[in-house]
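[1] model the following, please.
(one chain, ligands or ions: 1)
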Amino acid sequence: MAALIRALRSSSSSSYYTNYFIRRSLSTAASTTAPPLKSEPFTPFMDTKGKHVQWVFLGCPGVGKGTFASRLSTLLGVPHIATGDLVREELSASGPLSKQLTEIVNQGELVSDEIIISLLSKRLETGEAKGESGFILDGFPRTVRQAEILGDVTDIDLVVNLKLPERVLVEKCLGRRICSQCGKNFNVANINVKGENGNPDISMDPLLPPPQCVAKLITRSDDTEAIVRERLRVYYEKSQPVEEFYRSQGKLMEFNLPGGLPESWPKLLEALNLDEYEDKQSAAA
Ligand code: AMP
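    So this is what the prediction gives:
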């Protein structure tokens, strides 16, 4: 991890990166990583002693990257690092960057690579101090430049690209609620979308909060319809090329979500060859 942070810091031509980021934390992680994923079918690292994961989750806003990355992080014992969460923490801390960040986020635009790499570097350093290794990144990289910087400093084993039709994405973002106390994500949307172009229908039941969270639910300020549509536009323009970047490296695993969490989670585990691993972990618990 330490080497990864150092590498990120020095990976950019700008002195900002040189002085800040990733070389330290990402390169150490790379030195202990399992063999990189090369081809289908995916065979996950499954080194029982020091299992190591360096994964990226891609996908449009609202697709559920956070939900699935967080569940996998618990299952595999690696940190789930969501750059959107880092940005929101910075906003709520009301530090020097918060006014500038609020404007950018509430317009649905991307924060500069420098700022995001600075936030990620700090997060990696904190994790390193706690002895973390490996990661599941969610929301990073979001531009080809970010992907190149990451690729310069470490090996990514696998990139999971989650997919849902655009109508579902908008409804999911508008239905998203977060408990301001425990931080858990819920969704009040009841989604039933007819499949188009031969694709199956998609139904998702609401994911309702337990009684203790009901009065504490908040909505993200960037989950209004206008901002969600702008975030989708920004995704297609700036982040979709990242899919091709990893596809050309043979690291991209496309995953069309078949429905909500109950249907999708077992299918995702199966696609990752982790279904038996989860059974073993549950049995051991
Ligand atoms: P998210 O929670 O991933 O939807 O991110 C919320 C907001 O944080 C985004 O709309 C961007 O403004 C900002 N953000 C998060 N990750 C990145 C990134 N890798 N690059 C640039 N901006 C980001």
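
[2] need the residues of the stretch 51-200 of the chain near the ligand, please.
    With Cβ under 6 Å from any ligand atom as the criterion, the stretch 51-200 of the chain meets the ligand at residues 61, 83-84, 87, 104-105, 109-111, 116, 139-140, 142, 146. All C-beta atoms are positioned from the backbone trio N, CA, C, and that covers glycine.

[3] just give me the neighbour total for E225.
    By other Cβ atoms under 10 Å, 11 other residues sit near E225.

[4] so what's the residue of the stretch 1-150 of the chain found nearest the ligand closest to, chain neighbours aside?
    With Cβ to the nearest ligand atom as the measure, G84 is the residue of the stretch 1-150 of the chain nearest to the ligand, at 2.0 Å. Distances taken as Cβ to Cβ, 6 or more residues apart in numbering place G139 nearest to G84, at 4.6 Å, with adjacent residues excluded.

[5] do I have it right that that neighbour meets T83?
    Yes: taking Cβ atoms under 8 Å as the definition, G139 is a contact partner of T83 at 4.2 Å.

[6] where in this structure is pLDDT low?
    1-4, 6-51, 285 (pLDDT under 70).

[7] for S133, helix, strand, or coil?
    coil (DSSP: H, G, I helix; E, B strand; the rest coil).

[8] how much space separates it from L124?
    Look at S133 and L124: by Cβ to Cβ, to the nearest Å, they are 11 Å apart.

[9] with L274 instead?
    24 Å.

[10] the two - which one has more neighbours?
    Higher neighbour count among L274 and L124: L124, with 25 against 18, using other Cβ under 10 Å.

[11] can you point out the buried residues in the helix or strand hosting the more buried one?
    In the assignment (DSSP states H and E), L124 maps to helix 113-129. Residues 113, 115-121, 123-125, 127-128 are the ones in helix 113-129 that count as buried (16 or more other Cβ atoms under 10 Å).

[12] ok, back up a step: turn the residues of the stretch 51-200 of the chain next to the ligand into CSV, including secondary structure.
    As requested, those are exported to CSV (three-state DSSP):
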residue, secondary structure
P61, coil
T83, helix
G84, helix
V87, helix
I104, helix
V105, helix
E109, coil
L110, coil
V111, coil
I116, helix
G139, coil
F140, coil
R142, coil
Q146, helix
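
[13] and these as CSV, adding distance to G95?
    Listed next are those as CSV, based on distance: Cβ to Cβ, whole Å:
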residue, distance to G95
P61, 25
T83, 16
G84, 17
V87, 12
I104, 15
V105, 14
E109, 20
L110, 19
V111, 14
I116, 15
G139, 20
F140, 20
R142, 22
Q146, 22
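
[14] among those, find me the one that's closest to K216.
    Closest approach between these and K216, by Cβ to Cβ: G84, at 20.1 Å.

[15] so what's the residue count around N197?
    When neighbours are counted by other Cβ under 10 Å, N197 comes out with 5.
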